[in-house]
Each structure stands twice: as structure tokens, then as C-alpha cells.
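Visitor: Here is my input; please provide its structure:
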Amino acid sequence: MAEKRKPNDWVDPDAWLNELADDLGDDFLVVVAPEVQRVVLPGVVVVPQGLIVMHARNWDGEITPSAVGSWRQKCPDGTSRSYPNPMKDLRAAEQALRRFLREEFPELSITVTQIIVLTNPEATIEGRPLVGNVLIVLREQLAREINALVAAMPGDRLDRSACEELATALVERRLTRNQKALTPFVFRSGSFLGGNRKVWTISDLFRHIDRNPSDGIYHMRNGTLENWLKDQGALYMARLVHEAADTAGKDPRAALEKMLAKTGLVNPRGVTIQPRKLDLGRVLTGADCGDTITIKAGAHHGYVVGTLETSDPWLRVDPKQVSGNETRVAVRVDTSKLPIQTKPYVGLITLHSDLIEKPIRIPVRLRVAVEPSAFMRIFLRPLLGAIVAGIIGALLGFTLGIYGIKPPVFLGSLLPGWPAEQAWALLIGVFWMIWGVVRGLQQPLTQPIDVWLLRWFLGTLLWMLPFGLIALACTWIMSLIPATSKLITPEVGTTLLVGALAVAIVPAVLDRGRVVSNGKVRSVDTINSRRPLIITLVAIGLALCVFAGFLYIPTLWQSSEVQTGRVNAQSWISVQYQTFRTKIDSWVEGYYLRRYDRRTKSISSPTPSTNRASPTPTK
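Guide: Here you go, the predicted model:
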């Protein structure tokens, strides 16, 4: 017996659809009176091959169909009556179904067949029961004719789940995603000019919520969004909103994002995970190490909601629930119960989320190593570092002694009678041995000696490359300057180059992995120093400037050009000083004169009004 789908508020006008549902097989789904694009269809049968749309006419008597014009009815009493041609309704129904399928199921390509059903038992058909490609069927022949139509259709295009989804959509999606509603939904905000935002379609509704999640949460919680969708006939969307409101709890944004993902009306968020895999290197047995991964939404206004699970008990993550635009997850590894083996351990962190098509897996890889002895850490490793570094430094010094300048005076006084190559080899070799001891003490406990030496050697070569390039650039620039071009000889250029290579061991030793980064214990094998490049280049430049100054400043100071410039500068400074001093003296002298003149004018002798005789002294 076929399953029958109908709206909750639907009342059977007659029993013909009930009879049809009883007569058809289980592969048939009968949808009763669906409203599609505001066109009410009496009944639709969903089959794996497509849709059969039934248009009911409760006419009695003898019916004479016509491709053009009205249909005629001959009543039993001999009278006749005309009815409007139903072909117009069939064309409107087909257009509405095509629009419905194009909006809601754009990937489907199915057959739509329409038939006219004369539901009155007293009805008969005069002539051929076919108008164009539309079949006219009597009520008692309906099930048999539908089975015959299905048998003549192309092969199955829909499985059982797809048929059920399509039948449910015909009932619950009276308002499709791009269909204009009868009344708009008014948001509390969001208008371009600051007023209330009005939307007329479901697509515009959820696009606005996607851009303004706070509005979506507000209307989701107070029920206005669900009620509007119900009133407009979008029962499927109303149910999604209701479920999101029930599960909002403490994180309504997470519930909103899940709802948006289920609608299929917003662009997929996408998830970015950095790094996509973790290699923790070698870890001491019993140690607890870890790292951090960042899970970020692909869209700038997106929100990642999901859960993380690990494949092994020794692998842990915190937090396990991901919620937010960006989440930093701490990955911890407990090696206390992991036996030591040659093969690495590989675990998986899996992200499950409704916002992504399939789970994302992040592999975590590590090796469990034994802690070396104190004798190895304190004595053998520094000794080996000193020997290897001393050999390389001695080779550089020997090269400098053959092709470079002579050793400085203080080195000649310390090593009287030594050839230049031996003196330079000793000086640079000892310098490199000291840094080799430092690097040996810094060697990670979990790193084998051969791996440590290889990485250190490669790292030193990488640091030598920029140092050497800068030294060559400085030599070339100084050769272009007239004041220093005479000083650039092959010996000086070689000295500058070898000296730069010799200094490169300092950053090569200091640039090592850190055990602690951002408060998290991490493996020293995989963490590189993240110093800014500009600081490194400035340090290289300063080192070369000091080295070049040590070589060239004394000679440059004694050159005629520098001496002439120095004399001219002293003469100019002397003239400027005398001019300034003269101006100051003139200003001070004028100030005192003006001050003295004002005082002279203000002190005047009194003018007597009468002549008085001078007193005569008494004898």
C-alpha cells in the first residue's frame, strides 16, 4: 500500500485518493493537495522515475475532451453543459513544479507527467481518452493507468530516501527559497540607512542573518522568525529554527551556525587548521610534551562549531569542544606508558563539525627516546662539539693565513715566529672551539649525536651564506668609493670574506630550538627560532662594520684625502666659532650701552627757582 502525505489541516473532499493509496504499491508516495508556488495540486504521486500530477474533475455524464476550446458534458437527462478547458491549469501546474524543482532540487532531472482524473463514478469518456500527451483517466482505472505509465517511464532516477525527501518537500515547502512571500519579515535593524531591514524571500532572510548573526539570534530566541516561516508555508525552515532555539543554551551562536549550515543557503564556511600536521620529533620517555593547533573559520564572519576526538589514549586535546571564529587547541602527549621503539608513534586528531562535508584529521607524530647519561651530556657532547668546530675554524684560519692579511701585532707578539697561517688557524680555531663547547652543552637530550652534528653543520652553512654575501657586497661597494678603493686588495677582500664566515658560528649556535614557547612545553626538534629577519641582518651588518673598521679605519685616517678634509673641517669650524663669538660680544656690548644710556637720562640735576648765595664759612 502506498504511503500518503498530506498537510495536518487537510480534510478529504472524497475518497478517491484514499482508494489510490490503497491500490498502489509501496514504491509509490501519494502527496495530497500540495501547494506549489501558490498553485494547489489535487494530488501528486512520487515514483522513482519522477512525478505524476493528478488533476481531479468531479464531472458526471459523458465527457467529450477537446484540445482547443471548452469540454462538453452530456448529462443523463439529455442536456449538455460546457466546462473550461483544463489544459490551462495543467500548464500552470507544470510551470510551478518546474520552478519548485529548479529552486529546491536543482540537481534533479526527473520526468513530470500530468493526467486528468474524472472522480465521479457516473462519468464516461467519449472518444479517445488522450488530449495531446495528457491522459484522461476514470476513477476506477486510475491505479492501473498509473502502473502502466510508470512502466513506460525511463529507468529509476530516485532512490527511496530521495523520493521521501521530495514528497516531504512538496508538503513543507510551500514557500521556496527565492519565492516572494506574501508579507515581508522585518528585522530589528540592518537597514542601510539605519532603520529596520525588510526581506521578502527565504534566501535574503538567511543571508541577512549570516551577515548579522546578532539579529538572527534575537529573532530566533523570541520566536518571531519561526512564526513567520510557518505562516508563509516554509515548515522545513521553521523546524530548523525551532531546533536551533531549543539547543541555543549558553552558546546561541553555535546553534545559529548549525542552523545556517543545514539550510544550505549560505556559502560553506570552510575550516583552516594550522598546522595541518604535528611532528613533535623525539621525546624523552615519560615526558609530557605538546604543541598548539589553531582552528579558524574560513569566512571572516564565520563560526566554527565542532568536537575534537583523539585516536589514542596517550594523545589529549584541550578543549574538546570547538566554538568560535578562532580556537587555539592545546595538544598534549603523555609518553609514560609508551614503550621505546624504532618506529614513530602516529596518532590522529579528528574534527567533527556540521559545517564541513567530512571530518578533518590532523596526524600527530613523535618518537620516544632514552635520556642520555650525565657523562654523555656534560663531557662527550661538548668535547665532540669542540673538536668538530675547532677543525672547521682551523681550516678557515689556515685559508686566511695563506690568502689574507698578516695577523695583528698582538697575535704576533703572543706567537713569535709562527707563520701567518698557523697563527690565524690557532686564533679562529680556538674561537670556534669555544662556541662548539657551548653548542655541545645545548644539544637536545633526545637528539642523537649524528643528527645533531648534521643539523648544526647545515645550520652553520646557512648562516655563512648571508654573511659571505654581505662581505662580498661590502668589498664591492668599498672598491667603488675613491677614498677606499686603494685599500681593497685581494688580501683584504679575502680577509673580509673569511672573517665574515668565521663570525657566522655565533648566530648558528644561538639560533637553536627552545624548550618552552608561549608557556607550552614543546619538542626541541621541531621548533625553530622565530627572530625577525631584520634583526639578523642588522646584527650581521654591525659585525661586519666593526670588523671592517678594525682593518681600515687606521689606514683611512692617515690618507691624504681624509687629512685634507679634516683640515678643511677644522678651519670651517674655527671661522664659524669666531663669527659666532663676535656676534655674541657685539650683542652683549650693545645691551650694556643701552642700559647705561637709559640710566644717564633718568638722573638729572635739580634746577633752582631762585639764586641763593653760597654760605660763607665762619672764620
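Visitor: Check Asn231 and give its pLDDT.
Guide: You called it Asn, but residue 231 is Asp. Among the per-residue scores, Asp231 shows a pLDDT of 90.
Visitor: give me phi/psi at it?
Guide: Geometry field for Asp231 lists phi and psi as phi -60, psi -30, criterion degrees, to the nearest 10.
Visitor: Give the other helices and strands that the helix or strand hosting Phe187 contacts.
Guide: Assignment of secondary structure by DSSP states H and E places Phe187 within strand 185-190. Packed against strand 185-190, as judged by 3 or more Cβ pairs under 8 Å, 6 or more residues apart in numbering; DSSP states H and E, are the following elements: strand 196-199, helix 202-211, helix 213-222, helix 224-232. Where C-beta positions appear, they are placed from N, C-alpha and C, glycine not excepted.
Visitor: Nearest approach to Phe379 belongs to which of these?
Guide: helix 213-222 (62.9 Å; Cβ to Cβ).
Visitor: same for the closest one, what does it pack against?
Guide: Judged by 3+ Cβ pairs under 8 Å, 6+ apart, helix 213-222 is in contact with strand 185-190, helix 202-211, helix 224-232, helix 235-246, helix 252-263.
Visitor: please redo it, this time with the cut-off set to 7 Å
Guide: strand 185-190, helix 202-211, helix 235-246, helix 252-263 (3 or more Cβ pairs under 7 Å, 6 or more residues apart in numbering; DSSP states H and E).
Visitor: Show me what counts as buried in that helix.
Guide: Neighbour-count burial for helix 213-222, counted by 16 or more other Cβ atoms under 10 Å, picks out 213, 215-220.
Visitor: just how off-centre is it within its chain?
Guide: Centroid separation between helix 213-222 and its chain, computed with Cα atoms, centre = their mean, to the nearest Å, is 26 Å.
Visitor: how much does it deviate in direction from helix 235-246?
Guide: Angle, helix 213-222 to helix 235-246, by axes from the mean of the first three to the mean of the last three Cα atoms, to 10 degrees: 90 degrees.
Visitor: export the buried residues of helix 213-222 to a markdown table and tack on distance to Gln141 and pLDDT?
Guide: As requested, the buried residues of helix 213-222 are arranged in a markdown table below (distance: Cβ to Cβ, whole Å; pLDDT from 0 to 100):
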| residue | distance to Gln141 | pLDDT |
| --- | --- | --- |
| Pro213 | 56 | 84 |
| Asp215 | 55 | 87 |
| Gly216 | 52 | 87 |
| Ile217 | 56 | 88 |
| Tyr218 | 56 | 89 |
| His219 | 51 | 90 |
| Met220 | 50 | 88 |
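Visitor: ok, back up a step: for Val31, find the nearest of the helices and strands packed on helix 213-222.
Guide: For the helices and strands packed on helix 213-222, the distance to Val31 is smallest for helix 235-246, at 13.8 Å, taking Cβ to Cβ.
Visitor: Against which helices or strands is that closest one packed?
Guide: Other helices and strands packing on helix 235-246, by 3+ Cβ pairs under 7 Å, 6+ apart, are helix 213-222, helix 224-232, helix 252-263.
Visitor: Next, the angle strand 185-190 makes with the first one.
Guide: Right, the one you point to is helix 213-222. Angular relation of helix 213-222 and strand 185-190 on a 0 to 180 degree scale: 130 degrees, by the same axes, to 10 degrees.
Visitor: on that earlier part again, make JSON lines out of the helices and strands packed on helix 235-246 and add distance to Thr342.
Guide: What follows is these, written out as JSON lines (distance: least, Cβ to Cβ, whole Å):
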{"stretch": "helix 213-222", "distance to Thr342": "51"}
{"stretch": "helix 224-232", "distance to Thr342": "60"}
{"stretch": "helix 252-263", "distance to Thr342": "44"}
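Visitor: quick one, which of those is nearest to Arg174?
Guide: Within these, the stretch nearest Arg174 is helix 224-232; the backing value is 7.5 Å (Cβ to Cβ).
Visitor: Just want the angle from the closest one to helix 235-246.
Guide: In this structure, helix 224-232 runs at an angle of 160 degrees to helix 235-246, with the same axes, to 10 degrees as the basis.
Visitor: what packs against helix 224-232?
Guide: Using 3+ Cβ pairs under 7 Å, 6+ apart as the contact criterion, the neighbours of helix 224-232 among helices and strands are helix 235-246.
Visitor: relative to helix 202-211, how tilted is the helix it packs on?
Guide: Helix 235-246 runs at 20 degrees relative to helix 202-211, counting by the same axes, to 10 degrees.
Visitor: Show the average pLDDT along helix 235-246.
Guide: Rounded mean pLDDT across helix 235-246 is 89.
Visitor: Which residues does it contact?
Guide: Outside helix 235-246, the residues within contact range by Cβ atoms under 7 Å, 6 or more residues apart in numbering are 172-173, 202, 220-221, 225-226, 229-230, 255-256, 258-259, 262-263.
Visitor: most neighbours, which of those?
Guide: Within these, neighbour counts (other Cβ atoms under 10 Å) peak at Leu225, which reaches 27 neighbours.
Visitor: got a list of what that one touches?
Guide: 219, 241.
Visitor: can you pull the pLDDT of it?
Guide: Looking at Leu225 specifically, the model assigns a pLDDT of 90.
Visitor: can you tell me how far it sits from Trp456?
Guide: Distance check for Leu225 against Trp456: by Cβ to Cβ, to the nearest Å, it reads 63 Å.
Visitor: for Ile488, phi and psi?
Guide: As for Ile488, its main-chain torsions (degrees, to the nearest 10) stand at phi -80, psi 100.
Visitor: Could you give the number of residues near Trp418?
Guide: Applying other Cβ under 10 Å, we find 16 residues neighbouring Trp418.
Visitor: On the three-state scheme, it is what?
Guide: Look at Trp418: counting by DSSP: H, G, I helix; E, B strand; the rest coil, its state is coil.
Visitor: With Gln443 instead?
Guide: Classification of Gln443 by three-state DSSP places it in coil.
Visitor: is it true that it touches Trp452?
Guide: Yes - when contacts are counted by Cβ atoms under 7 Å, Gln443 is listed as touching Trp452 (5.0 Å).
Visitor: which one of the two has more residues nearby?
Guide: Of the pair Gln443 and Trp452, Gln443 is the one with more neighbours under other Cβ under 10 Å, namely 24 against 19.
Visitor: Quick one: residues contacting that one.
Guide: Contacts of Gln443 were listed using Cβ under 7 Å, 6+ apart, and they are 381, 452.
Visitor: Need the buried residues of helix 213-222 in TSV (columns: distance to Pro490).
Guide: TSV is the format used below for those (distance: Cβ to Cβ, whole Å):
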residue	distance to Pro490
Pro213	71
Asp215	76
Gly216	75
Ile217	76
Tyr218	79
His219	81
Met220	80
